[in-house]
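S.K.: here is a sequence together with a model predicted from it:
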Amino acid sequence: MVDVIIIGGGPAGLSAALVLGRARRSVVVVDSGQTRNRAALHMHGYLTRDGIAPAQFLTLSREELDKYNVHIAHDKASFAARSREGFVVHLESGQVLIGRKLLLATGVRDLLPEIPNFESFYGRSIHHCPYCDGWEHRDQRIVAFGRGNAAVGLALSLLTWSPHVIACSHDEGLDSKHAMLAERNKLLVCSEPVAGLEGEGGQLHRVVLKSGRSIACDALFFNTGQVQRSELPRKLGCAFDADGGVIATDRQCTGVAGMYVAGDADKEVQFVIVAAAQGATAAVAINRELQDEERGTGNH
Ligand SMILES: Cc1cc2nc3c(=O)[nH]c(=O)nc-3n(C[C@H](O)[C@H](O)[C@H](O)COP(=O)(O)OP(=O)(O)OC[C@H]3O[C@@H](n4cnc5c(N)ncnc54)[C@H](O)[C@@H]3O)c2cc1C
């Protein structure tokens, strides 16, 4: 029996573990090791850690937890439910955990375009997020890849980082609003399907179209969707917004008593620093709830 079980050991879960550990709570973090940015060479935009390798960030984070009552289980949570004590969580290894409170920091999974060779460039010259990697490609030739209108939306955003952007809508048409926006912003739009990618050593050189023509480029950004990485938020009764994000209060509470969510799973701003901040916010809320129960100060 521990005070808090955290499912997910990415930035959100580890940040929560740090705050809870320092509040002298016993914590188990269960992590299956599929942090969202693991394909990226570098992580940007985290104050004091701009440019660090994602794996190095996790190593440093885990090292900081060593001196607290935090145990990291490298395992997958296959089942979780409310129980008399709070929550019961079953791990794939067969271990069963019981905790008073539960934090879901399970993140999301990106739906990658089905383009041959995609993964050899992903995280190096193919990216999702202009804020995370746009600076590294400033003023370069960028392809914005998405289905139909989504490509134009992404391309318009990327114009902040480079004037040399082409929207690639992959054989899907644009509605009149997006066609008008593309025209007004003098944006080149290619609606031919993409057949392949060419480059070397992770550096993209060309997007090859089905007709055999190609677009010379230095980087590709894409937005082809994401889903919850874990089924647990749904199975545990979380509510979801229209975008598939777990709905949380400003204190990261899910609405299921004693259960919190932090990080990308709520599909708010998806940065490492935001995930860590949400983890810290959830940890304070969880500790307060435990304090209220222990001292009879709340409405529990
Ligand atoms: C290619 C790429 C590059 C990025 N670059 C940047 C960047 O430069 N800067 C930036 O700020 N952000 C960047 N991001 C976004 C960033 O990765 C996320 O915002 C951040 O990882 C969210 O942290 P999280 O803890 O919510 O989720 P994650 O980091 O995804 O961690 C979730 C963890 O939960 C685990 N998990 C899920 N389900 C279970 C289960 N059932 N049992 C056990 N464990 C489970 C997963 O295995 C994973 O380890 C990038 C994303 C991508 C895809």
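M.R.: Cool, got the structure.

S.K.: mind telling me what element Ala275 is part of?
M.R.: Following DSSP states H and E, the helix or strand that holds Ala275 is helix 272-295.

S.K.: so which bits of that helix are buried?
M.R.: Neighbour-count burial for helix 272-295 flags 272, 274-283, 285-287, 289-290 (criterion: 16 or more other Cβ atoms under 10 Å). No exception for glycine: its C-beta is placed from N, CA and C like everyone else's.

S.K.: from the residues you listed, list the ones also adjacent to the ligand.
M.R.: By Cβ under 6 Å from any ligand atom, the members of the buried residues of helix 272-295 lying near the ligand are Val272, Ala275.

S.K.: the ligand contacts on the stretch 101-250 of the chain?
M.R.: Applying Cβ under 6 Å from any ligand atom, one finds that the stretch 101-250 of the chain approaches the ligand through Ala105, Thr106, Gly107, Asp110, Gly123, His128, Cys129, Cys132, Arg229, Ser230, Leu232.

S.K.: you'd agree the fifth one is up against Ala40?
M.R.: Yes: distance between Gly123 and Ala40: 4.1 Å, which falls inside the contact criterion (Cβ atoms under 8 Å).

S.K.: what helices or strands is the helix holding Ala275 leaning on?
M.R.: Applying 3 or more Cβ pairs under 8 Å, 6 or more residues apart in numbering; DSSP states H and E, we find helix 272-295 packed against helix 11-22, strand 96-104, strand 259-261.

S.K.: of the residues of the stretch 101-250 of the chain next to the ligand, which belong to helices?
M.R.: Within these, residues falling in helices by DSSP state H are Cys132, Leu232.

S.K.: distance check, the closest residue to the ligand within the stretch 101-250 of the chain against Leu18.
M.R.: Among the residues of the stretch 101-250 of the chain, Gly107 lies closest to the ligand, at 2.7 Å counting by Cβ to the nearest ligand atom. Per Cβ to Cβ, to the nearest Å, Gly107 is found 18 Å from Leu18.

S.K.: equivalent analysis for Ser214, please.
M.R.: Using Cβ to Cβ, one gets 48 Å for the distance from Ser214 to Leu18.

S.K.: now do Arg234
M.R.: Separation of Arg234 from Leu18 (Cβ to Cβ): 28 Å.

S.K.: which one of these two has more residues nearby?
M.R.: Neighbours were counted for Arg234 and for Leu18 using other Cβ atoms under 10 Å; Leu18 has more, 20 against 13.

S.K.: my read: the more buried one touches Leu65, true?
M.R.: Yes: the criterion here is Cβ under 8 Å, and Leu18 meets it with Leu65 at 6.1 Å.

S.K.: list the contacts for the most centrally placed residue in the chain?
M.R.: Closest residue to the average C-alpha location of the chain: Asp264 at 4.3 Å, with Cα atoms, centre = their mean. For Asp264, the contact set (Cβ atoms under 8 Å, 6 or more residues apart in numbering) comprises Ala12, Arg36, Gly107, Val108, Gln270, Ala275.

S.K.: and Gln34, by the same measure?
M.R.: Gln34 sits next to Gly107, Arg109, Arg229 when contact means Cβ under 8 Å, 6+ apart.

S.K.: what do you get for Arg25?
M.R.: Applying Cβ under 8 Å, 6+ apart, the residues near Arg25 are Val2, Asp3, Val4, Asn69, Ile286, Asn287, Leu290.

S.K.: how far away is the fourth one from the ligand?
M.R.: Distance, Asn69 to the ligand, using Cβ to the nearest ligand atom, to the nearest Å: 20 Å.

S.K.: need the residues that contact stretch 290-300.
M.R.: By Cβ under 8 Å, 6+ apart, stretch 290-300 touches Asp3, Arg25, Arg100, Lys101, Arg288, Glu289.

S.K.: now do stretch 244-252
M.R.: Contact with stretch 244-252 is made by 104, 226-228, 233, 238-241, 254-255, 260-262, 265-268, 278, 281-282, 284-285, as judged by Cβ under 8 Å, 6+ apart.

S.K.: now Leu112: closest residue in space, sequence neighbours ignored.
M.R.: Excluding its sequence neighbours, the residue lying closest to Leu112 (Cβ to Cβ, 6 or more residues apart in numbering) is Phe118, at 5.8 Å.
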